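Visitor: No sequence on hand, only this structure:
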């Protein structure tokens, strides 16, 4: 089993554009399982960068919507746009009628279809407005928290009991591999939610409870979404994990703003 440091290194090299040395060892299911357990760490790093960017742009004359757009663009560039691509492919697949073979065929098709385009546009608009609104309120921690929390859906999607849809690809490396990490990261997310309610006057219990409800909502939505996709597609794919991350971030932002 790779060490936690190596797992984070491989996860960053797989899931971001950070200029890190490429892993030397072969990528197998053991490495894939370790990488998936480290995905929320990648989310925390990306979340800190997104919050930092919003904080730097906040004193300027840019409107909140523009700051939100730049945060969304920065996240897309930092992850090679792979999660957005997964969201588009998954939406197109779920939008078609037919058996799992037909759904998989649509998802593996070339250009994005109408369902994919509409879903990506809707998600990006919600995230743009959400990040912009949080930035306008100087809610930096919540920006980072939303980005990190969305990544827990990828861990949930890789849980034991959901097999890979195909014998090759990213899904085959990570499917049916997570159990303890889901519990651990769920507990960490709940602790992180407490910090949402912490301010100059101490802990605001209503805000902390709201954030904890958001965590529960993301976990529940992620569990349902990945199970639904597995039923329709015949198992887990990398595209489903990417779509789950984007939807997790979107649910987080909405929940934090309610």
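Guide: Now that the structure is in, tell me what you want to look at. Source: prediction; values computed, not measured. Numbering: from 1, shown residues only.
Visitor: I'd assumed residue 23 was in a helix, is it?
Guide: No. Residue 23 is assigned coil when assessed by DSSP: H, G, I helix; E, B strand; the rest coil, not a helix.
Visitor: Wait, it touches residue 13, no?
Guide: Yes. Counting by CB atoms under 8 Å, residue 23 touches residue 13, with 6.2 Å between them. (C-beta placed from N, C-alpha, C; glycine too.)
Visitor: Can you check the pLDDT for residue 3?
Guide: We have a pLDDT of 84 for residue 3.
Visitor: That one: how many residues sit nearby?
Guide: 9 (other CB atoms under 10 Å).
Visitor: how close does it get to residue 170?
Guide: 22 Å (CB to CB, to the nearest Å).
Visitor: which helices and strands does the top helix by length along the chain pack with?
Guide: For the chain, the helix that runs over the most residues, judged by DSSP state H, is helix 205-233. Helices and strands in packing contact with helix 205-233 are listed as helix 82-94, helix 100-107, helix 140-150, helix 152-157, helix 180-196, helix 238-257; criterion 3 or more CB pairs under 8 Å, 6 or more residues apart in numbering; DSSP states H and E.
Visitor: buried ones in stretch 134-152?
Guide: Neighbour counts over stretch 134-152 (16 or more other CB atoms under 10 Å) mark 134-135, 139-152 as buried.
Visitor: what residue ranges in this structure are flagged as low confidence?
Guide: The model of the chain has pLDDT under 70 over residues 1, 24-25, 110.
Visitor: In it, which residue sits furthest out from the middle?
Guide: residue 201 (31.7 Å; CA atoms, centre = their mean).
Visitor: How about the contacts made by residue 52?
Guide: Contacts for residue 52 were tallied using CB atoms under 8 Å, 6 or more residues apart in numbering; they are residue 140.
Visitor: Numbering from 33 from now on, please.
Guide: From this message on, residue numbering opens at 33, which makes the last subject residue 84.
Visitor: give me phi/psi at it?
Guide: Dihedral angles of residue 84 (phi, psi; degrees, to the nearest 10) stand at phi -60, psi -40.
Visitor: Tell me how far it lies from residue 103.
Guide: 10 Å.
Visitor: how about JSON lines for the helices and strands packed on helix 237-265, with distance to residue 195 added?
Guide: What follows is those, written out as JSON lines (distance: least, CB to CB, whole Å):
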{"stretch": "helix 114-126", "distance to residue 195": "17"}
{"stretch": "helix 132-139", "distance to residue 195": "12"}
{"stretch": "helix 172-182", "distance to residue 195": "24"}
{"stretch": "helix 184-189", "distance to residue 195": "12"}
{"stretch": "helix 212-228", "distance to residue 195": "17"}
{"stretch": "helix 270-289", "distance to residue 195": "12"}
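Visitor: Deepest-packed of these, please.
Guide: With neighbours defined as mean count of other CB atoms under 10 Å, the helices and strands packed on helix 237-265 peak in mean count at helix 184-189, which reaches a mean of 28.
Visitor: ok, then the element right after that helix?
Guide: helix 202-206 (DSSP states H and E).
Visitor: which helices and strands does that following helix pack with?
Guide: Counting by 3+ CB pairs under 8 Å, 6+ apart, helix 202-206 packs on helix 61-69, helix 270-289.
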